[in-house]
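# Sequence first, predicted coordinates after that:
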Amino acid sequence: MLTDEQLATLRDVDNSVAFDDDAKVGPLVMDGYVEKDGDLFRLTPKGEKILLDNGAALVEDETPP
C-alpha cells in the first residue's frame, strides 16, 4: 500500500514534464510504479492504475457534458 506522500509523488510525476526528485522517485521506480525515460520520469501502467484506483488521477476536462 502506498502512502499519501507516495501517491502525491506519482501525481507530480504524471503532471510534470521534467520531474527530477530522485530521492522521492527511487522507491517508486524500484516497485515498478515509475520508470526513467532518458532524463525524465514517467508513470508505468502500474503507476497509472494505482492513481486511478485511489481516485488520485487528474480530470482532464472538468466541465460537465
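On my side now, so go ahead.
# tell me which element the most centrally placed residue in the chain falls in.
The centre of the chain sits closest to Leu10, judged by CA atoms, centre = their mean, with a distance of 2.3 Å. Element membership for Leu10, per DSSP states H and E: helix 4-15.
# cool, Phe41 as well?
Using DSSP H and E, Phe41 maps to strand 40-43.
# rewinding a little: could you list the residues in contact with the helix holding Leu10?
2, 19, 21, 24-25, 27-28, 33-34, 41-43, 47-48, 50-51, 54, 56-58 (CB atoms under 8 Å, 6 or more residues apart in numbering). From N, CA and C alone the C-beta is placed, and that goes for glycine too.
# any idea of the pLDDT on the closest residue to Gly32 other than its chain neighbours?
Distance criterion CB to CB, 6 or more residues apart in numbering; nearest residue to Gly32, sequence neighbours excluded, is Lys46 at 5.0 Å. At Lys46, the pLDDT value in this model is 96.
# Model confidence score at the residue nearest to the centre of the chain, please.
With respect to pLDDT, Leu10 scores 91.
# Alpha carbons only: can I get stretch 2-22 in PDB?
Provided in PDB are the C-alpha atoms of stretch 2-22 (Å, rounded to 0.1, in the frame of the first residue of the first chain):
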ATOM      1  CA  LEU A   2       1.400   3.400  -1.000                       C
ATOM      2  CA  THR A   3       1.500   6.300   1.400                       C
ATOM      3  CA  ASP A   4      -0.300   9.600   0.700                       C
ATOM      4  CA  GLU A   5       3.100  11.100   0.100                       C
ATOM      5  CA  GLN A   6       4.000   8.400  -2.500                       C
ATOM      6  CA  LEU A   7       0.600   9.000  -4.200                       C
ATOM      7  CA  ALA A   8       1.300  12.700  -4.300                       C
ATOM      8  CA  THR A   9       4.700  12.000  -5.900                       C
ATOM      9  CA  LEU A  10       3.000   9.800  -8.500                       C
ATOM     10  CA  ARG A  11       0.600  12.700  -9.300                       C
ATOM     11  CA  ASP A  12       3.600  15.100  -9.500                       C
ATOM     12  CA  VAL A  13       5.400  12.700 -11.900                       C
ATOM     13  CA  ASP A  14       2.200  12.400 -14.000                       C
ATOM     14  CA  ASN A  15       1.800  16.200 -14.200                       C
ATOM     15  CA  SER A  16       5.500  17.200 -14.700                       C
ATOM     16  CA  VAL A  17       7.400  17.300 -17.900                       C
ATOM     17  CA  ALA A  18      10.700  17.300 -16.000                       C
ATOM     18  CA  PHE A  19      10.300  15.700 -12.600                       C
ATOM     19  CA  ASP A  20      13.700  15.100 -11.200                       C
ATOM     20  CA  ASP A  21      13.500  14.400  -7.500                       C
ATOM     21  CA  ASP A  22      15.400  11.100  -7.500                       C
END
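# I'm done for today, thanks for sticking with me.
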